[in-house]
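Peer 1: sequence first, then the predicted structure:
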Amino acid sequence: MKLELRHLRVVCAIADAGSLSKASSLLGLAQPALTAQLHRIESLLGGKLFDRDHKGARPTMLGELVLERARVLLPAFSRLQEDALRLVDDSSPGDRYRVGSVNGPMLGGLVHRLTELHPGAHVSTQVSWSGDELAGAVAQGKLDYVMVGVCGDAPPPTEHGLTWSILAVDPVFVIVPEDHPCTAKEEVELAELKDMQWAVTPGDGCFGDCFVAACSRAGFTPRTMYEVDTNSCVDLAQSGDAVVLCQPMFRRTPGLVAMPIAGVPLKWRHVMGWDPEGPAAEFAGQVMRYAIDAYRETVERNPRYEAWLPTHPEYGPLDYHAVI
């Protein structure tokens with residue numbers, strides 16, 4: 001392992017807080033994890049950085065040297081990032097498309113359309129499990145557009161001053177093994193799955209609470225909910241260890257079936273946000289059209305969902321820009 005800037009941030013945080021317990025709270029780490037990280041940093045640097053006792057943590061001579069250098073390097077690195085962002089921001093609107101996305105079905109298709117239809121433009125992406133994090137990046141000028149999913153009628157992240165528009169509305173489906181008895185039906189009743197474990201990809205928002213409420217209306221309390229990455233969701237579904245809550249555009253996977261839930265107890269809105277005062281606002285309508293076209297393309301790859309939509313016209317892509 002090599003010394004990295006994140007290690008210097010840890011050392012500064014401990015020195016500024018005066019103790020590992022206070023620093024662990026500020027850094028959002030468990031104290032044992034922070035202690036182990038400090039030991040690794042000290043091993044890299046060849047000696048103790050802090051003398052620690054019941055009164056707190058005080059830098060050693062080596063610690064003082066590291067802190068002196070870190071307090072020069074970290075601000076310089078931050079200025080480098082700011083200068084780089086300013087340089088990118090000097091690009092003319094339409095020459096650059098920086099898109100953030102949370103586990104949605106449209107990002108790949110949107111990137112394809114941007115690169116194909118605007119061959120001279122710089123296209124970049126950022127993915128996170130947190131829609132709030134990406135919305136903040138748009139507000140800070142680090143991204144131009146963000147696509148997130150929001151549960152039911154819940155609002156998207158509102159504290160960043162972005163304009164939001166709905167791209168599409170989906171039901172939530174479940175992924176089950178193809179030999180599960182419910183796959184013989186067009187839809188599965190939520191109560192039929194009451195004895196199962198559950199799995200979902202992580203994210204912020206109220207989806208977990210809405211799922212518990214839907215189960216309560218169906219007459220049961222759900223068992224364990226695993227928050228795991230997409231590949232682990234597939235593994236858990238294939239092994240029969242969990243039913244996976246998913247978007248209906250789930251790619252066909254051997255041994256698995258994505259099923260609609262009767263009565264659509266859970267829905268998901270795909271929304272796009274941008275800074276209404278920023279240069280990207282001029283091209284927001286165009287980018288939304290590309291995203292909706294990408295969405296339609298993913299629907300066409302899922303025959304079960306494509307067949308379901310005509311009888312549920314309130315779901316699917318929106319042909320108009322509904323600003324939230």
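Peer 2: Sure, I can see it. Numbering: from 1, shown residues only.

Peer 1: please count neighbours and contacts with C-alpha atoms only from this point.
Peer 2: Noted.

Peer 1: I'd like the mean pLDDT over stretch 260-277, please.
Peer 2: Averaging pLDDT along stretch 260-277 yields 94.

Peer 1: for it, how far is the first residue from the last?
Peer 2: In stretch 260-277, first residue to last residue: 40 Å (CA to CA, to the nearest Å).

Peer 1: now it: buried residues?
Peer 2: By 16 or more other CA atoms under 10 Å, the buried positions in stretch 260-277 come out as 260-261, 264-275.

Peer 1: now the residues you listed in a markdown table, with distance to G208 and secondary structure?
Peer 2: What follows is these, written out as a markdown table (distance: CA to CA, whole Å; DSSP: H, G, I helix; E, B strand; the rest coil):
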| residue | distance to G208 | secondary structure |
| --- | --- | --- |
| P260 | 18 | strand |
| I261 | 16 | strand |
| V264 | 16 | coil |
| P265 | 13 | coil |
| L266 | 11 | coil |
| K267 | 12 | strand |
| W268 | 12 | strand |
| R269 | 15 | strand |
| H270 | 17 | strand |
| V271 | 19 | strand |
| M272 | 22 | strand |
| G273 | 23 | strand |
| W274 | 26 | strand |
| D275 | 29 | coil |
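
Peer 1: and those residues as a markdown table, adding distance to G131?
Peer 2: A markdown table is the format used below for those (distance: CA to CA, whole Å):
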| residue | distance to G131 |
| --- | --- |
| P260 | 25 |
| I261 | 26 |
| V264 | 24 |
| P265 | 23 |
| L266 | 19 |
| K267 | 17 |
| W268 | 14 |
| R269 | 13 |
| H270 | 11 |
| V271 | 10 |
| M272 | 11 |
| G273 | 10 |
| W274 | 13 |
| D275 | 15 |
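
Peer 1: which member of these is positioned nearest T60?
Peer 2: Of all these, T60 sits closest to D275, with 46.9 Å by CA to CA.

Peer 1: that closest one and G149: what is the separation?
Peer 2: D275 is 18 Å from G149, by CA to CA.

Peer 1: where does the spatially closest residue to A30 that is not a sequence neighbour land on pLDDT?
Peer 2: Closest residue to A30 apart from its sequence neighbours, by CA to CA, 6 or more residues apart in numbering: S24 at 6.0 Å. We note a pLDDT of 84 for S24 in this prediction.

Peer 1: buried set for the host helix or strand of S24?
Peer 2: In this structure, S24 sits in helix 20-27 according to DSSP states H and E. Judged by neighbour count using 16+ other CA under 10 Å, the buried positions of helix 20-27 are 20-21, 23-24.

Peer 1: go on, stretch 201-220?
Peer 2: 201-205, 207, 210-211, 213-215, 220.

Peer 1: helices of the stretch 51-200 of the chain, start to end?
Peer 2: For the stretch 51-200 of the chain, helices defined by DSSP state H, counting those that start in this stretch occupy the ranges 61-89, 107-117, 131-139.

Peer 1: for stretch 149-162, the distance to its chain's centre please.
Peer 2: In this view, stretch 149-162 has its centroid 13 Å away from the chain centroid, taken as CA atoms, centre = their mean, to the nearest Å.

Peer 1: now it: mean pLDDT?
Peer 2: On average, stretch 149-162 scores 87.

Peer 1: ditto for stretch 28-40
Peer 2: Regarding stretch 28-40, the rounded mean pLDDT is 85.

Peer 1: then it to PDB, C-alphas only?
Peer 2: What follows is stretch 28-40, C-alpha atoms only, in PDB (Å, rounded to 0.1, in the frame of the first residue of the first chain):
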ATOM      1  CA  GLY A  28     -18.300   8.700   9.700                       C
ATOM      2  CA  LEU A  29     -16.200   5.700  10.600                       C
ATOM      3  CA  ALA A  30     -16.400   3.200  13.500                       C
ATOM      4  CA  GLN A  31     -13.500   3.900  15.900                       C
ATOM      5  CA  PRO A  32     -12.000   0.500  15.500                       C
ATOM      6  CA  ALA A  33     -11.800   1.000  11.800                       C
ATOM      7  CA  LEU A  34     -10.200   4.400  12.200                       C
ATOM      8  CA  THR A  35      -7.700   2.900  14.700                       C
ATOM      9  CA  ALA A  36      -6.800   0.200  12.200                       C
ATOM     10  CA  GLN A  37      -6.400   2.800   9.400                       C
ATOM     11  CA  LEU A  38      -4.100   4.900  11.600                       C
ATOM     12  CA  HIS A  39      -1.900   1.900  12.300                       C
ATOM     13  CA  ARG A  40      -1.600   1.200   8.600                       C
END
